[in-house]
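In: I would like to see how this sequence folds:
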Amino acid sequence: MREAETTTRRRIADRLREEPAELSTLAEEFDATAGSVCSHITHLVQSLDNGSEELLVAGPTCRDCGFSGFDDRINRPSRCPECKSESIEEPAFTIEQ
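Out: Model prediction:
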């Protein structure tokens, strides 16, 4: 299938099968907002439910104190609930078989 014929969600899935990517990188590559990429990733989890593939998420982490217990592992939080730092490493995603 040519790239113009595939959906954004399928192109994101294909990209994540090649190598891990952060949320902002995906948003930039696919000319989309971070929110729409989060929506696509959420739906990807449901479409990968056949058991042969798995979406792996390296959740956000505070660069200052190392806190990683964020409630939402897909979105990038604005600041750390522990130390209030805004230096947050954003989540990264990959699809593995």
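
In: mind checking how far the closest residue to E90 other than its chain neighbours is from G59?
Out: In this structure, E90 finds its nearest non-sequential neighbour in R76, 4.2 Å apart by C-beta to C-beta, 6 or more residues apart in numbering. All C-beta spots, glycine's among them, are computed from the backbone N, C-alpha and C. For R76, the distance to G59 equals 10 Å [C-beta to C-beta, to the nearest Å].

In: what do those two both touch?
Out: Common neighbours of R76 and G59, using C-beta atoms under 8 Å, 6 or more residues apart in numbering, are P91.

In: Summarise which helices and strands the helix-or-strand element of the chain with minimal mean pLDDT is packed against.
Out: Least confident element among the helices and strands of the chain, by mean pLDDT, DSSP states H and E: helix 34-47 (a mean of 88). Helix 34-47 is packed against helix 8-18, helix 23-29, strand 54-58, with contacts defined by 3 or more C-beta pairs under 8 Å, 6 or more residues apart in numbering; DSSP states H and E.
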